[in-house]
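Enquirer: coords please:
(one chain, ligands or ions: 3)
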Amino acid sequence: MENYLDAAIAIAREAGQVLMAHRGVDFELKGDYDLVTAADRASEQLIIKRLRERFPSHGIVAEEGGRAEMDAELRWYVDPLDGTTNFAHGFPMWNVTLALARRGEVIAGLVYDPLNRELFAAERGAGARLNGAPMHVSKAKTINDSLLSTGFPSRKRHQNVNIHFYYQLAMLSHGVRRGGSAAIDLAYVACGRLDAFWEFGLNPWDMAAGTLLVEEAGGRVSGMRDEALDLHGRYVLADNALVHDELIELFSEIFAGRYRHDMPGLPAPEWEMHRG
Ligand code: IPD
Ligand code: CA
Ligand code: CA
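Expert: Numbers count the residues shown, from 1 in each chain. Ligands and ions are numbered 1, 2, ... in the order given. As a prediction, the model looks like this:
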């Protein structure tokens, strides 16, 4: 097991150098607002080459289309650049994230942020580390005392229900960040900088490593109704475990259409222009 994580760390560091060297290059559109850069492709090519050399029998699922040995017992999930929109705009929040799953259960994972020189890594049952030092989730006990984060995918925004959740949580907590990198959001829950993160519309490579980090750092991960996390289920709630039940309760109210803060109660935008 140790070998897998060490190998993944070496590969992610190399991919991080590729991304650093590609900063400032042009991007293309995959969909209306969905970007891809030469950096995504170069990083993915390198990661797949290295994984194939080192673990030829392992499966690979990578965001930009890299696939191999799909029925293998051990399968890598690869996001060669998570936070592409940030990367393309020079907004400094992006990373490389790799995870290894055995028969669907993530057993090792990492999130590497080359700009901040931060490596978040975990193996199942062996704890989680930030640059080699053990890391732990926060101690916030209530939503009221929490700093949260969420995300809004670039694809199919008109179908995304998250604004309802965003609004309620923004009213009830210390604030909701929206950084644009799901893997870093999860890593920040794991190291206690954030108390919880949730998102609808994720892919398995966005959350495979980060959810293991959170669990190994003492937190909880689940679906939105407290069901077991489904890596292919497209959504996740990850938190410090202490605020989990309260978040699940609030989410169930929102799903049922019961809002603690009523959105139609918002003043019209024009109101801001006339208040004293
Ligand atoms: C995206 C980022 C973003 C999240 C999207 C992801 P990408 O990944 O993690 O924060 O909101 O859902 O698709 O496309 O930059 O690798
Ligand atoms: Ca991603
Ligand atoms: Ca990506």
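
Enquirer: quick one: the helices in the stretch 151-276 of the chain?
Expert: Taking DSSP state H, counting those that start in this stretch as the criterion, the stretch 151-276 of the chain carries its helices at 162-172, 182-190, 204-216, 244-255, 271-274.

Enquirer: Bridge partners for the residue of the chain at minimum distance from ligand 2, pull those for me.
Expert: Nearest to ligand 2, among the residues of the chain, is Asp82, at 3.7 Å (C-beta to the ion). Quick note: C-beta positions are derived from backbone N, CA and C, even for glycine. When assigned by DSSP bridges, Asp82 has beta-bridge partners Asn95.

Enquirer: quick check: domain ranges of the protein?
Expert: As assigned by automatic domain parsing, the chain contains the domains 2-134, 143-255.

Enquirer: Check the offset of the last one from the chain's centre.
Expert: Average the C-alpha atoms of domain 143-255, do the same for its chain, and the two points are 9 Å apart (C-alpha atoms, centre = their mean, to the nearest Å).

Enquirer: Any idea how far apart the tips of it sit?
Expert: 18 Å (C-alpha to C-alpha, to the nearest Å).

Enquirer: what does stretch 227-238 give?
Expert: Taking C-alpha to C-alpha as the criterion, the two ends of stretch 227-238 lie 12 Å apart.

Enquirer: how about it: buried residues?
Expert: 229, 231, 234-238 (16 or more other C-beta atoms under 10 Å).

Enquirer: ok, now which ones touch the closest residue to Ala140 other than its chain neighbours?
Expert: Computed as C-beta to C-beta, 6 or more residues apart in numbering, the closest residue to Ala140 that is not its neighbour in sequence is Asp195, at 4.3 Å. Applying C-beta atoms under 8 Å, 6 or more residues apart in numbering, one finds that Asp195 lies in contact with 137-138, 140, 145-148, 189, 239-240, 243.

Enquirer: Per-residue pLDDT of Leu110, please?
Expert: Note on Leu110: pLDDT of 98.

Enquirer: near ligand 2, which residues of this structure show up?
Expert: Contact residues, the chain versus ligand 2 (C-beta under 5 Å from the ion): 79, 82, 206.

Enquirer: what would the residues you listed look like in CSV with distance to ligand 1?
Expert: Shown next, in CSV, are the residues of the chain next to ligand 2 (distance: C-beta to the nearest ligand atom, whole Å):
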residue, distance to ligand 1
Asp79, 5
Asp82, 4
Asp206, 5
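
Enquirer: filter the residues you listed by proximity to ligand 3?
Expert: Checking the residues of the chain next to ligand 2 against ligand 3 by C-beta under 5 Å from the ion, the ones in range are 79, 82.
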